[in-house]
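Peer 1: sequence first, predicted model second:
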Amino acid sequence: MNAESDEREKVARQVTTAPATGDVTEEVTAEPPLGSRAPEFIKARRTLHISWQVGVFVVGLAVVAAGAAMLVLPGPGWVVIFAGMAIWATEFVWAQLVLRWTKRKVTEAAQRALDPKVRRRNIILTTVGLVIMAGLIGVYLWRYGFAMPWTI
């Protein structure tokens, strides 16, 4: 067995507990191996592979820079930044590890958000906030009528 086949056999195990029933389930998902995903004919030639990596880095950098600009300009900044990270992850192990960590954290946050206790708390807080806003609007309308505080 070589190192590449050993990497393929590694699996990620995720243990979850169903909030309603308390049942423990274990999901087994195979993660792709770490490392370059360049075609074999490119990996076979060192100069070509280095050139490929430089190209991937430059394209990924341009996409990440565009995403960073979109954080202050109109546009889906974080989505574009993660797309740039995905481009880098096709070639660089550090980017693959960052994306795996990010996916794990997003999955954990989604599971926490779907917890019935958290959902109930969020619904209650939203309802209380809406009642307070309706009360403030009602007091404003009672006091000043339907007049805007500025003249048009």
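Peer 2: Happy to help now that I have it.

Peer 1: surely Gly75 is in a strand?
Peer 2: No - Gly75 is assigned coil when assessed by DSSP: H, G, I helix; E, B strand; the rest coil, not a strand.

Peer 1: run a quick neighbour tally on Glu91.
Peer 2: 20 (other Cβ atoms under 10 Å). In this view, the C-beta of every residue, glycine as well, is placed from N, C-alpha and C.

Peer 1: how about stretch 31-38: buried residues?
Peer 2: Pro33, Ser36, Ala38 (16 or more other Cβ atoms under 10 Å).

Peer 1: what are the boundaries of the strands in this protein?
Peer 2: In the chain, the strands defined using DSSP state E lie at 11-17, 24-30.

Peer 1: rank those strands by pLDDT, which is bottom?
Peer 2: With a mean of 52, strand 11-17 has the lowest mean pLDDT of the strands of the chain.

Peer 1: just the pLDDT at Gly135, thanks.
Peer 2: pLDDT, Gly135: 96.

Peer 1: does Gln96 really touch Pro33, like I thought?
Peer 2: No - Gln96 sits out of contact with Pro33 when judged by Cβ atoms under 8 Å, with a separation of 9.2 Å.
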